[in-house]
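Engineer: Generate a structure from the sequence data that follows.
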Amino acid sequence: MTISEEYQEWERRLSKISFGHWDDLPGIDLYVDQVVAVVNEQLNTLGLVDVTRSMINNYVKHGLVLAPVKKKYARFQIATILTISLFKNLYSLSSISTAISQLTLNNYPQQIYNRFIDLLNAKLANQPAPHNQDLVETNEQMLNLVVNAFVYRLRSAEMLRLMAKYQHPQPIKKN
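Structural biologist: Numbers count the residues shown, from 1 in each chain. A predicted model of the protein is given here:
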């Protein structure tokens with residue numbers, strides 16, 4: 001198989017990945033170990049690094065995620081943890097926190113999350129996302145930019161992995 005063929009096969013697998021909307025997230029509050037399992041199930045579909053209990057505790061400690069109530073995390077917190085986990089290798093935690101705060105300033109968290117998922121699923125499938133007129137224009141622009149950056153990073157990382165697998169650069173010889 002060539003680099004191009006293997007990359008096209010990876011793209012086909014990527015196009016079949018679909019993240020769930022707000023209502024697809026667990027409707028009951030979860031303990032941290034359950035949150036870890038739910039979030040990692042999604043991250044693993046993309047081959048991303050797992051989130052751990054200590055990471056989640058750190059997000060809470062630094063105010064990125066609301067503290068659990070009676071040690072249980074609700075849908076909003078799970079959505080936030082998943083979002084942070086997807087973008088933490090691309091943006092600083094403070095940038096992610098600022099973006100979430102800004103995006104939810106003008107639109108409800110559920111509305112922003114669902115639009116983010118629509119854009120992400122469309123971009124993973126290499127399809128145009130349906131237009132959404134319900135969001136503030138700058139929110140729509142920001143979501144498009146971060147989703148594009150994330151998916152392009154996934155694609156470039158896979159291409160680089162395949163290039164390294166098939167092509168071995170020769171060391172430069174000194175004269």
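
Engineer: So for this structure, which residue is the most central one in space?
Structural biologist: L86 (2.8 Å; CA atoms, centre = their mean).

Engineer: Pretty sure it sits in a helix.
Structural biologist: Yes - under DSSP: H, G, I helix; E, B strand; the rest coil, L86 sits within a helix.

Engineer: Any chance of the backbone angles for L66?
Structural biologist: Backbone torsions of L66, given as degrees, to the nearest 10, read phi -60, psi 140.

Engineer: ok, it - how many residues close by?
Structural biologist: By other CB atoms under 10 Å, the residues close to L66 number 13. From N, CA and C alone the C-beta is placed, and that goes for glycine too.

Engineer: for S95, same thing?
Structural biologist: Neighbours of S95 (other CB under 10 Å): 13.

Engineer: Report the separation between it and F87.
Structural biologist: From S95 across to F87, the span is 8 Å (CB to CB, to the nearest Å).

Engineer: now do P109
Structural biologist: P109 is 16 Å from F87, by CB to CB.

Engineer: Compare the two and say which is more crowded by neighbours.
Structural biologist: Each of P109 and F87 has its neighbours counted (other CB under 10 Å); F87 has more, 20 against 15.

Engineer: T2 versus the residue nearest to the centre of the chain, what's the distance?
Structural biologist: 30 Å.

Engineer: now the longest helix seen in the chain, how far from the chain's geometric center?
Structural biologist: Secondary structure of the chain per DSSP state H: the longest helix is helix 137-166. Relative to the centre of its chain, helix 137-166 is centred 10 Å away, using CA atoms, centre = their mean, to the nearest Å.
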